[in-house]
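Colleague: Here is a sequence together with a model predicted from it:
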Amino acid sequence: MSIYNQTLLNDAGILHLEGASVVIAYTEWNDFIVNELVAGCERSLDQYKTKFTKAVVPGAFELPFACRQIWEQTKGTGSQPSAIIAFGCVIRGETPHFDYVCKAVTDGILQLNLELPVPVIFGILTVDNIEQAKDRLGGAHGHKGEEAALTALKMISFQRQLARI
C-alpha cells in the first residue's frame, strides 16, 4: 500500500461530524463496478454514523448536472448535504469518447468545487480496462469507494474547523 493510501485510509482529521449528511450521486453505466464503489462508501459512512441518501443518473457525463441539482433542490430547506460524492466508471474504448467524457466530468466536478459551498468528491474511475477497475475495489489500489467516503468526511470536518476560526 502506498504512503498516500495509508494516510488517506486513517481517520485522522475526521472530527465534528454531528449532523453531517452526504449525498451519493452515482451512475447506472458500468453498474457492476459502480455499485461496489457505492457499497464501500456506504460501509465507511455507516462506520462514522453519517447519514446519506443516494441519487442515480445514467452516466458519468450527467454527474456534474446531478450534483448541481441536488444542491439547488435542497438549498434553503435545512436538509442540504454536507458533501456530495460522485461515483462513476469510464472504461477506455476504441474511440475518443473516453477522453471527452473524462475531461467533461473532471472539469464539471472541479467547477462545482469552486462554486458550491460544500465539497463535491471525485469518485469517478477512469480506467483502461475492467481489471484496473477491479484493482480499485479493494485490490492493489485500495477501495476507492471507501476512500471517497473518508475524503468527504475529512472535507466536512475541514470546513467545520474553518468556520470556527
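Modeller: Yep, that arrived. Keep in mind it's a predicted model, so treat the numbers as computed, not measured.
Colleague: going forward, measure contacts between C-alpha atoms and count neighbours the same way
Modeller: OK.
Colleague: Give me the most central residue, the protein.
Modeller: Compute the mean C-alpha point of the chain, and by C-alpha atoms, centre = their mean the closest residue is Ile85, 2.9 Å away.
Colleague: Can you give me the buried ones in stretch 61-79?
Modeller: Neighbour counts over stretch 61-79 (16 or more other C-alpha atoms under 10 Å) mark Phe61, Glu62, Leu63, Pro64, Ala66, Cys67, Arg68, Ile70, Trp71 as buried.
Colleague: what's near enough to touch the residue nearest to the centre of the chain?
Modeller: Val22, Val23, Ile24, Ala25, Val120, Ile121, Phe122, Gly123, Ala148, Ala149, Ala152 (C-alpha atoms under 8 Å, 6 or more residues apart in numbering).
Colleague: what helix or strand is the first one on?
Modeller: Spelled out, it's Val22. strand 21-27 (DSSP states H and E).
Colleague: May I have that strand as PDB, with CA atoms only?
Modeller: What follows is strand 21-27, C-alpha atoms only, in PDB (Å, rounded to 0.1, in the frame of the first residue of the first chain):
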ATOM      1  CA  SER A  21     -25.000  14.200   5.800                       C
ATOM      2  CA  VAL A  22     -23.800  13.100   2.400                       C
ATOM      3  CA  VAL A  23     -25.500  12.600  -1.000                       C
ATOM      4  CA  ILE A  24     -24.000   9.800  -3.100                       C
ATOM      5  CA  ALA A  25     -24.700  10.500  -6.800                       C
ATOM      6  CA  TYR A  26     -23.800   7.500  -9.000                       C
ATOM      7  CA  THR A  27     -24.200   6.200 -12.500                       C
END
